[in-house]
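1. below: sequence and its predicted model.
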Amino acid sequence: MKFIKYIALTLLIVIASSCDLELQDDPNAIKLEQINPTLILNRIQINFATFFNTASTFGMQMTRMQNSGGADYPNTNQPTAFDGLWTNAYANILNDIYVLKPIAEAQGLTRHLAIAQTIEAYVLLTLVDYFGKVPYSEAFNGLNNPNPKADEQVDLYNKAIELLNKAKRNFGLAPNPSGAVAFDFYYGGTGASWVRLVNSLKLKLFLNLRVTSPTSAQDSIVRVLNDVGGLITAQTQNFVFRYATNTADPDSRHPRWINNWLTGANDYIANYLMWQMNWGYNVQDPRMRYYFYRQTTANNTNPNNIRCILEQVPAHYPNTGPVAGPGGFPPSIDRNATNAAWGRTFCFPTAAGYWGRDHVDPQGIPPDGLLRTTWGAYPVGGRFDANNGLAVTNATTLANSMRGAGIQPIMMRSFVNFMIAEADLYLTLPAAFEGTARTQFENGIRNSIADVRDWTVNGTYGSNGFGPSPTQAATIQAFTGHDNTAFNASVNDYVTRALTFSDTSPVPIPMGYDALVGASQPVNELMNLVAREYWIALYGNGVEAYNLIRRTGFPRGMQPAIAPNPGKFPRTFWYPVVYEARNANATQKPNQEGTVFWDNASSNLDY
């Protein structure tokens, strides 16, 4: 028996010694050579749309497109609110790009690489614009450096420029035929459109530097405008992410549609945006019925549904006449004391059921999810407002909506128009662009309106090779004032007013672009008007809206917060908890008053 045990023990020793007990590779882990670069690029593109959507929410809350919670600016968001944005940026998008780039370089996948570099630059710019200093150069070493230090903001902007320049060069190379991008969710494989996007992003980047570094910004913008690759100028070149109508595996519908159309509205549209669009230039904005869907067409009178109807208009709000608020007079609003707009600056922005929330309103949530105004056909794929007055959960309403087949409007041709207009007002541009601010202003308005309507009517911009989404064409053509002929007339009327409008006060005040020029008004008055139209065109894009208001201080006279002393406007946001609490080299900011490096805080936004 002892002999048998000895033999058995010897065999175990031999077997054990024949095995490599110091395995270094996890047999379940995916090796680098096993990664499919097309699949990882797909994931990057999809996660990027989510990143933009989340970032836009915070920007829209600060710029009177959506209501933000909290009783004052310091409490509009807590650090935990930014955890999802940060995690998606670092754990998903940037980490995936870090993995993809050496594979794409080794296999000659120049188009994969160029798309990844463009997205990387956009994400990096947004992180800097929102948070200031963030980790990058040390951020992707895993366990070798679990506490990466934050890089200086200027260095990160320079890195973004470098990435965009590399992307442009890679787009100019012939794609590897054996490794073509199977799914380009944005441009359907059109490299020339990507180059236009790269140049448009560089325009955005350098425009942010206009105030603090005017000479270098001007030189850089001139080079961008002279670049033969061009800018985004056509509808097919709009940089958008398209959603579809699939309900599961995966759910491909717009996240804002999911959040507001399945069980009732969860977001509050900002009353001020609806107020401006209803009363500006004494005519309703042609985009209003495309932007907003009313679940009721009459103002509610039940204080259990909307408490503000029992409250007094805050003393610091303009109310019974054209009294300037803390931010001054709002552009485009007739200052005649008889203008009904002045009685609608609080609670209900109109008399026709447009129901949102005032700026930084901290009240609780009443049972109004099937009553309040919500997102319309553009950009989330809701429904055109044809005075239906039906709840979003109504079967007819759902069936006749675009069923969530909306877009993320990341960089539209109208945005480029307004950016060039701003640059022309303050800088010296090449001959082809110098003195074109008025033309860019008009084209920006027209392009925005056309893109809003065309998406809703056609369900496509023809930019990525996918077929059209469900449309609102039949409803729109049948609705009074929105058939092609009538709508075109209303657009021309709106543009004419934006150019020539003067109010009806006893001494008329010039408010349109040409009217301001004719009255020899200073350039800031023109920028105030340009910013007003840019801000409206940015609906659905809080990233550029947040940059615009910090960079320029315009549009002026926006609705004040409910509190008369709301504290300091967030010039940047809190660091997320997932960063500040887990990184030994991270320190939470004392407040949100610190500025991004290109913001000199010369404009007062603390109202």
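-> Everything's here; your move.

2. if we look at the strand or helix carrying P409, which residues are touching it?
-> Per DSSP states H and E, P409 falls inside strand 407-411. The contact list for strand 407-411, computed with Cβ atoms under 8 Å, 6 or more residues apart in numbering, reads 49, 52-53, 56, 122, 197, 200-201, 204, 232, 238-243, 254, 379, 381, 455, 538-541, 543. (Each C-beta comes from the backbone N, C-alpha and C, glycine too.)

3. from those, which ones fall inside helices?
-> Per DSSP state H, helices hold the following members of the contacts of strand 407-411: 49, 52-53, 56, 122, 197, 200-201, 204, 455, 543.

4. want to throw the residues you listed into TSV with neighbour count?
-> Shown next, in TSV, are the ones in helices among the contacts of strand 407-411 (neighbours: other Cβ atoms under 10 Å):
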residue	neighbour count
A49	20
F52	23
N53	20
S56	25
Y122	26
L197	27
S200	23
L201	25
K204	20
W455	29
V543	23
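
5. just the closest of those residues to I269, please.
-> S56 (13.9 Å; Cβ to Cβ).

6. tell me the domain ranges of this protein?
-> Listed domain ranges for the chain are 33-233, 255-552 (source: automatic domain parsing).

7. so where's the chain shaky on pLDDT?
-> Scanning the chain with the threshold set as pLDDT under 70 gives 1-30, 32.

8. one more time with 80, if that's ok
-> Where the chain drops to pLDDT under 80, the residues are 1-34, 175-179, 320-321, 323, 463-467.

9. and the residue most central in space within it, what does it touch?
-> Of all residues in the chain, the one closest to the mean position by Cα atoms, centre = their mean is N541, 2.2 Å from it. Listed by Cβ under 8 Å, 6+ apart, the contact set of N541 reads 56, 59, 409-410, 412, 415.

10. and the gap between it and M412?
-> 8 Å (Cβ to Cβ, to the nearest Å).

11. ditto for T552
-> Counting by Cβ to Cβ, the gap from T552 to M412 is 19 Å.

12. now A217
-> 22 Å.

13. between those two, who's got more neighbours?
-> M412 (29 against 21; other Cβ atoms under 10 Å).

14. just to revisit the earlier point, show me what the following helix or strand past the strand holding P409 is packed against.
-> As assigned by DSSP H and E, the chain's next helix or strand after strand 407-411 is helix 413-426. Taking 3 or more Cβ pairs under 8 Å, 6 or more residues apart in numbering; DSSP states H and E as contact, the helices and strands that helix 413-426 lies on are helix 191-208, helix 214-226, helix 437-458, helix 523-537.

15. residues in contact with T87?
-> 576, 578.

16. check the secondary structure at it for me.
-> At T87, secondary structure determined by DSSP: H, G, I helix; E, B strand; the rest coil is helix.

17. what of the one 4 residues further on?
-> Here A91 is recorded as helix under three-state DSSP.

18. ok, how many other residues are close to it?
-> 12.

19. distance from the host helix or strand of I119 to the middle of the chain?
-> Using DSSP H and E, the element containing I119 is helix 110-131. Distance of helix 110-131 from the chain centroid (Cα atoms, centre = their mean, to the nearest Å) equals 15 Å.

20. show me what contacts the nearest residue to P330 once chain neighbours are set aside?
-> Among residues not flanking P330 along the chain, G557 sits closest, at 3.6 Å (Cβ to Cβ, 6 or more residues apart in numbering). Neighbour list for G557: 324-325, 327-331 [criterion: Cβ under 8 Å, 6+ apart].

21. same check on P330?
-> Going by Cβ under 8 Å, 6+ apart, P330 touches 276, 532, 555-558.

22. and P470, by the same measure?
-> P470 touches 245, 381, 401-403, 405, 459, counting by Cβ under 8 Å, 6+ apart.

23. recalculate using a threshold of 6 Å.
-> The contact partners of P470, by Cβ atoms under 6 Å, 6 or more residues apart in numbering, come to 402-403, 405.

24. for it, which non-adjacent residue is spatially closest?
-> Using Cβ to Cβ, 6+ apart, the nearest residue to P470 is M402, at 5.0 Å.

25. and for S56?
-> Nearest non-adjacent residue to S56, counting by Cβ to Cβ, 6+ apart: G542, 3.8 Å away.

26. hmm, L425 is touching A437, no?
-> Yes - with contact defined as Cβ atoms under 6 Å, L425 counts as touching A437 (5.2 Å).

27. higher neighbour count, these two?
-> Neighbours per residue (other Cβ under 10 Å) separate L425 from A437, with A437 holding more: 25 against 18.

28. the more buried one contacts A421, doesn't it?
-> Yes - in this structure A437 lies within contact range of A421 using Cβ under 6 Å: 4.4 Å.

29. the stretch 251-400 of the chain: strands as residue ranges?
-> 292-293, 374-375 (DSSP state E, counting those that start in this stretch).

30. would you mind finding the most buried of those?
-> strand 374-375 (a mean of 28; mean count of other Cβ atoms under 10 Å).

31. report the strands that pair with that strand, each with its relative direction.
-> Take DSSP bridges as the rule and strand 374-375 pairs in its sheet with strand 292-293 (antiparallel).

32. got a list of contacts for the partner strand?
-> With Cβ under 6 Å, 6+ apart as the criterion, strand 292-293 contacts 373-374, 376, 382-383, 385.

33. widest-spaced pair of the residues you listed?
-> Among the contacts of strand 292-293, T373 and R383 lie farthest apart (Cβ to Cβ), at 12.0 Å.

34. which residues in the stretch 501-607 of the chain form helices?
-> Taking DSSP state H, counting those that start in this stretch as the criterion, the stretch 501-607 of the chain carries its helices at 513-518, 523-537, 542-552, 577-580.

35. out of the ones you listed, nearest to R294?
-> helix 523-537 (18.2 Å).

36. any idea how far that closest one is from the chain center?
-> The answer for helix 523-537 is 18 Å, by Cα atoms, centre = their mean.

37. can you state the direction angle for that helix and helix 542-552?
-> 170 degrees (axes from the mean of the first three to the mean of the last three Cα atoms, to 10 degrees).

38. for helix 523-537, output the C-alpha coordinates as CSV.
-> Extracted C-alpha coordinates of helix 523-537, given in CSV (Å, rounded to 0.1, in the frame of the first residue of the first chain):
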residue,chain,number,x,y,z
VAL,A,523,-20.6,95.4,-33.2
ASN,A,524,-21.7,93.9,-29.9
GLU,A,525,-25.3,94.7,-30.8
LEU,A,526,-24.9,92.8,-34.0
MET,A,527,-23.3,89.9,-32.2
ASN,A,528,-26.2,89.9,-29.7
LEU,A,529,-28.6,89.3,-32.6
VAL,A,530,-26.3,86.7,-34.3
ALA,A,531,-26.1,84.9,-31.0
ARG,A,532,-29.8,84.9,-30.6
GLU,A,533,-30.4,83.2,-33.9
TYR,A,534,-27.4,80.8,-33.4
TRP,A,535,-28.8,79.9,-30.0
ILE,A,536,-32.2,79.0,-31.4
ALA,A,537,-30.6,77.0,-34.2
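
39. before we move on, the earlier item: filter the contacts of G557 down to the buried ones.
-> 325, 327, 329-331 (16 or more other Cβ atoms under 10 Å).

40. what would those residues look like in a markdown table with distance to G364?
-> Formatted as a markdown table, the buried ones among the contacts of G557 follow (distance: Cβ to Cβ, whole Å):
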| residue | distance to G364 |
| --- | --- |
| G325 | 25 |
| G327 | 27 |
| F329 | 33 |
| P330 | 29 |
| P331 | 33 |
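
41. just the residues you listed now: which is nearest G389?
-> P330 (28.6 Å).

42. that closest one and A182: what is the separation?
-> 48 Å.

43. next one: P522
-> Distance from P522 to A182, by Cβ to Cβ: 53 Å.

44. tally of neighbours for the residue nearest to Q592 when sequence neighbours are not counted?
-> Nearest non-adjacent residue to Q592, counting by Cβ to Cβ, 6+ apart: P570, 3.7 Å away. Neighbour count of P570, defined by other Cβ under 10 Å: 23.
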